[in-house]
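1. give me a 3D structure for the following:
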Amino acid sequence: MPAHDLPLLIDAARMAGRVATSFTGPTAQRWDKADDAGPVTEADLAVNAQLLSTLRLARPDYGWLSEETEDNADRLSQDRVFIVDPIDGTRSFVEGSNTWAHSIAVAEHGVITAAVVYLPLRNKLYAAAKGGGATCNGVPIVASEKAQLETSSVLVAKPAMQGDHWKTNICPGFKRSFRPSLAYRLALVGEGRFEAMLTLRKSWEWDIAAGALIVAEAGGIALDRTGASLRFNNPDPRLNGVVAGGTPACAALIDALA
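-> Got it, this is the predicted structure:
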């Protein structure tokens, strides 16, 4: 089934890229979501509509969880569910940056089985099927095996560097980098360009689902901040933070966290 779904996700992601790039980010109509949940644009909604139509038409028995669709409990009774972020990194899109991504995944009984992260303006399409490895633009990718945090590059926002998050009250001395899109951060870790990524905040499943499989199929691992396995299609679709990377770096980060 994963291999059966992946071509569908790839085609849908490329169509999503054409829809999104038909808008100009800085001039796209935008709104601010309630509860300080960030911006949404007409491009987000157009991509969501396109993906919903394309994917549900192809797999009418699959459930649906998307950042831009009002959630309901129907998905909880379905064996397989699409988990979608139409544009991950909407602020970047609005700013005219090229680091936003489409994130599309399928979860089966809580486990991600097929995934795509696509950055149309960077012409980078990351893909993975459970048991089938991970690729970027069709070329296999492999996560880093570096174990020493002191010489590692980690994608992390500044607030997570604060001492109270770490056992010794001092953040380990890794090199910090950042990308706004969580899906892109995970894909870059799968590609081995960074040893790990870390977010300690509650994280929506649609930001994480596709990238988590890409990391795992590249030989790495993605866990929550306590080291527990990630499960998807939860009643509350938020995860308890995410730590992902090559297995040695990921283990070292989790061991260092308070």
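
2. and stretch 238-257, how far out from the chain middle?
-> Between the centre of stretch 238-257 and the centre of its host chain there is 15 Å, according to CA atoms, centre = their mean, to the nearest Å.

3. actually stretch 5-19, not the one I wrote
-> Between the centre of stretch 5-19 and the centre of its chain there are 16 Å (CA atoms, centre = their mean).

4. could you do stretch 191-202 as well?
-> On the basis of CA atoms, centre = their mean, stretch 191-202 sits 11 Å off its chain's mean C-alpha point.

5. what does it contact?
-> For stretch 191-202, contacts defined as CB atoms under 8 Å, 6 or more residues apart in numbering pick out 126, 136, 141-144, 146, 152-157, 159-160, 165, 174, 177, 182, 185-186, 188-189, 218, 225, 238-246, 249-250, 253, 257. In short, each C-beta sits where N, CA and C put it, glycine included.

6. kindly report the same for stretch 42-57.
-> Here stretch 42-57 makes contact (CB under 8 Å, 6+ apart) with 8-9, 11-12, 15-16, 19-20, 23, 25, 28-30, 62, 64, 66-69, 82, 84, 86-87, 90, 93, 102, 104.

7. so which of the contacts of stretch 191-202 are in helices?
-> 182, 185-186, 188-189, 249-250, 253 (DSSP state H).

8. nearest to Ser203, out of the residues you listed: which one, please.
-> Leu182 (6.7 Å; CB to CB).

9. which residue is the nearest non-sequential neighbour of Gly211?
-> Spatial nearest neighbour of Gly211, chain neighbours left out: Leu186 (2.5 Å); criterion: CB to CB, 6 or more residues apart in numbering.

10. thought that neighbour was touching Ala244?
-> Yes - judged on CB atoms under 8 Å, Leu186 makes contact with Ala244 at a distance of 5.7 Å.

11. what is in contact with those two at once?
-> 197, 211-212, 215, 222.
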